[in-house]
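> Just the structure for this:
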Amino acid sequence: MCGIVGYIGKRDVAPLLLEGLQRLEYRGYDSAGVVITGKSGDLKTVKAKGRVRELEARIPKRFAGTTGIAHTRWATHGAPSDANAHPHLDGAHQVAVVHNGIIDNASELRAKLTADGVVFSSETDTEVIAHLIGRSTADTLERKVSDALRSIEGTYGIAVLHKEFPDRIVVARNGSPVVLGIGEKEMFVASDVAALVTHTRQVVTLGDGEMATLKADDFRTYTTEGSRTTATPTTVEWEAESYDMGGHDTYMHKEISEQAEAVDRVLRGRIDDRFATVHLGGLNLDPGEARRVRRIKILGCGTSYHAGQIGAGLIEELARIPADAEPASEFRYRNPVVDPDTLYVAVSQSGETYDVLAAVQELKRKGARVLGVVNVVGSAIAREADGGTYVHAGPEVCVVSTKCFTNTVVAFALLALHLGRIRDLSVADGKRIIDGLRRLPGQIDEILKTEPEIQRLAQQYADARSMLFIGRVRGYPVAREASLKLKEVSYIHAEAYPASELKHGPLALIEPAMPTVAIVPDDDLLEKNRAALEEIKARHGRILAVAHQAQEKADDTIVVPKNEPELDPILLGIPLQLFAYHTALALGRDIDKPRNLAKSVTVE
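Coordinates of the predicted model:
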């Protein structure tokens, strides 16, 4: 959540900061601000509630400098306003801070500072950091920041300027991403590589408890206690063009349309035809260890949780290992039993989702083995996990996840096949699944070609105030994810239920004004699903089916190509991504930046 951008070098800094903020707009925000070190050494600040364009309009023509930091804020402490926007300064206007995260003991620190005579100008927790740094008597900016951080409990990614130290930016991380960009006699910092790739692809990702000092021609990293750390730059996999719209009207549409290519990418180089299995070398799990696994627990949030539900089903079907998925945000608060024979899998598109990362850290503390299924190389969860696999979806800019969800489910299919072939899955079944995986990109393209018909249906259903999504066994997680997509991007209320639960309450909701979207795969539960359609139709409910063949009892059917039964959920969800997109389009929603939401949730 939120976005940080910083620069130190020889170029005019304001345009660079604004460009970086614009590249981070997808993360979700409600205000923005910049601060630069002027030629006189003074800190010049401009802040604005609203979009980056409002901030840009407020910046005066004479706003020159070569060092600065900027921020897009997603409100936690205090409503969106100019005063609560970052950067925040100390009382003497010598220190400027931008901050992602939440300071848990902000109220306590604020009370102590107020008692000492400090006057606050915002409602934010971040302003506490600025005052703590400003009040430190240490002789270097690094020590001043370190002194302040010792008083803080919570999560943070921060960047700091100080009037008395105009030659540097000091940054620090604990639970919220901070990435350094290494240039030619210039340095960058951001919370996401999307803000950096236009200027450099050489990056260093800070770890928790790590700080860095950036000067125009150098950088160094160290712990909050001052011990030097080793920082080896890595090359960002994706170029700047990967973050552009590529001729599409929205990032969401672009990313839906990229799914055939993305799935091909996650499969590439991993299939082993000789043994009817796949290569997943990054798991760091040898066959003996894999055979000793007695249970698998998958942890994720939102869309990643739904992908984990489908993944758990795939693992049970193909590997015959008991598996289930649980929201990571709930897991560590119920004092779970951590079993040494259980393999834990953490799922996150960004690899930085705080609730998932915190669950991983708790599991590691208790001696559990944790795998990561993430999209972003070098992210926090990727580093913390014992092993794992990247989903190779490519950059996903829209807040609403589409291609990353699909690739994550495919990655789980690969994991399930890998574990299954180590255990009792036959060569014949292994080949069957591999053949099905290879068919996926072409079948996704077939689905995408039906977009005009899906758009027509979305326009017909866009007047609904609420919708019910149902599915059974393999179809239920698909229904849950489709329901979430519609809620996120169109703001239509939607909920998902197992089709088998209709008679246990949800039938009371059925009426002509309450459409039902039914997931009806052509599998061994086909007749059971058709019976559910009969129940809805008997109550005059309107039905949109997503199925492998037209459904007589449905008012409308989106027909999807059939694959292997275990892999069908991957395809059944894709037309409903388009359905959500075109529903939102018909309603005039801000599709790439849905209200109240952010792309990477790095606070609890």
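> From now on I want contacts and neighbour counts done on CA atoms only, so please keep to that.
OK.
> quick one: buried residues of the longest helix seen in the chain?
In the chain, ranked by residue count with DSSP state H as the criterion, the top helix is helix 427-448. Of the residues in helix 427-448, those with enough neighbours to count as buried (16 or more other CA atoms under 10 Å) are 429-431, 433-434, 436-437, 440-441, 443-444, 447-448.
> Could you dump those residues into JSON lines with distance to Val520 added?
Rendered in JSON lines, the data for the buried residues of helix 427-448 read as follows (distance: CA to CA, whole Å):
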{"residue": "Asp429", "distance to Val520": "24"}
{"residue": "Gly430", "distance to Val520": "25"}
{"residue": "Lys431", "distance to Val520": "26"}
{"residue": "Ile433", "distance to Val520": "21"}
{"residue": "Ile434", "distance to Val520": "24"}
{"residue": "Gly436", "distance to Val520": "19"}
{"residue": "Leu437", "distance to Val520": "21"}
{"residue": "Leu440", "distance to Val520": "19"}
{"residue": "Pro441", "distance to Val520": "21"}
{"residue": "Gln443", "distance to Val520": "17"}
{"residue": "Ile444", "distance to Val520": "18"}
{"residue": "Ile447", "distance to Val520": "16"}
{"residue": "Leu448", "distance to Val520": "19"}
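> Which one of those is nearest to Leu357?
Leu437 (29.9 Å; CA to CA).
> Okay, that closest one and Ile570: tell me how far apart.
Distance, Leu437 to Ile570, by CA to CA, to the nearest Å: 10 Å.
> Now for those two: what residues contact both?
Listed contacts common to Leu437 and Ile570 are Val410; contacts here mean CA atoms under 8 Å, 6 or more residues apart in numbering.
> what's the first-to-last distance across stretch 286-303?
Distance between the two ends of stretch 286-303: 29 Å, counting by CA to CA.
> what about that stretch, distance to the chain center?
The chain centroid and the centroid of stretch 286-303 are separated by 21 Å, computed with CA atoms, centre = their mean, to the nearest Å.
> ditto for stretch 89-107
In this view, stretch 89-107 has its centroid 25 Å away from the chain centroid, taken as CA atoms, centre = their mean.
> cool, stretch 304-312 as well?
For stretch 304-312, the distance between its averaged C-alpha position and the chain's averaged C-alpha position is 15 Å (CA atoms, centre = their mean).
> Regarding Gly247, what is its secondary structure?
Taking DSSP: H, G, I helix; E, B strand; the rest coil as the rule, one finds Gly247 in the coil state.
> Please name the bridge partners of Thr223.
With DSSP bridges applied, the residues forming beta bridges to Thr223 are Glu210.
> what's the answer for Leu544, then?
So, taking DSSP bridges as the rule, Leu544 has Val517, Asp556 as bridge partners.
> hmm, back to that, of the buried residues of helix 427-448, which is the nearest to Asp82?
Set against Asp82, the nearest of the buried residues of helix 427-448 by CA to CA is Leu448 (43.1 Å).
> ok, how many other residues are close to the nearest residue to the closest one once chain neighbours are set aside?
For Leu448, the nearest residue in space outside its immediate sequence neighbours is Ser257; the separation is 7.0 Å by CA to CA, 6 or more residues apart in numbering. Residue neighbour count, defined by other CA atoms under 10 Å, stands at 20 for Ser257.
> For this protein, which residues score under the pLDDT cut-off?
Within the chain, the ranges that satisfy pLDDT under 70 run 1, 27, 598-604.
> Who are the contact partners of Ile36?
Ile36 makes contacts with Val13, Ala14, Leu43, Lys44, Thr45, Ala64, Gly65, Thr66, Thr67, Gly68, Ile69, as judged by CA under 8 Å, 6+ apart.
> Show me where the stretch 251-400 of the chain has its helices.
Along the stretch 251-400 of the chain, the stretches classed as helices by DSSP state H, counting those that start in this stretch are 251-257, 259-267, 287-292, 303-319, 328-331, 354-365, 380-384.
> among those helices, which is the most enclosed?
With neighbours taken as mean count of other CA atoms under 10 Å, the helices of the stretch 251-400 of the chain reach their highest mean count in helix 303-319, at a mean of 25.
> what inclination does it have with respect to helix 354-365?
Going by axes from the mean of the first three to the mean of the last three CA atoms, to 10 degrees, helix 303-319 is angled at 50 degrees with respect to helix 354-365.
> Now do helix 303-319: everything it contacts.
Outside helix 303-319, the residues that touch it by CA under 8 Å, 6+ apart are 296-300, 321-328, 347-349, 401, 405-406, 408-409, 412-413, 415-417, 419-421, 423-425, 474, 477-478, 480-481, 484, 566, 569.
> Next, the angle helix 427-448 makes with that helix.
150 degrees.
> Figure out how far helix 303-319 is from the centre of its chain.
Taking CA atoms, centre = their mean, the mean C-alpha location of helix 303-319 is offset from the chain mean by 18 Å.
> picking up where we left off before, whichever of the contacts of helix 303-319 end up buried, select them in ChimeraX.
One line in ChimeraX is enough to select the buried ones among these; burial here means 16+ other CA under 10 Å:
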select :296,297,298,299,300,321,322,323,324,325,326,327,328,347,348,349,401,405,406,408,409,412,413,415,416,417,419,420,421,423,425,474,477,478,480,481,484,566,569
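> check contacts around the residue nearest to Asn563 when sequence neighbours are not counted.
Beyond its immediate neighbours in the sequence, the residue positioned closest to Asn563 (CA to CA, 6+ apart) is Gly436, lying 5.9 Å away. For Gly436, the contacting residues are Asn563, Glu564, Leu567, taking CA under 8 Å, 6+ apart as the criterion.
> List the neighbouring strands of the helix or strand harbouring Thr45 plus their orientation.
Applying DSSP states H and E as the criterion places Thr45 in strand 43-49. Strand pairing for strand 43-49, using DSSP bridges, gives strand 31-37 (antiparallel).
> Extract the CA atoms of the partner strand and return them as PDB.
What follows is strand 31-37 as a C-alpha-only set of coordinates in PDB (Å, rounded to 0.1, in the frame of the first residue of the first chain):
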ATOM      1  CA  SER A  31      -3.300  11.800  -1.500                       C
ATOM      2  CA  ALA A  32       0.200  12.600  -2.700                       C
ATOM      3  CA  GLY A  33       3.200  14.800  -1.900                       C
ATOM      4  CA  VAL A  34       6.800  15.700  -2.600                       C
ATOM      5  CA  VAL A  35       9.600  17.300  -0.800                       C
ATOM      6  CA  ILE A  36      12.900  18.400  -2.300                       C
ATOM      7  CA  THR A  37      16.100  19.900  -1.000                       C
END
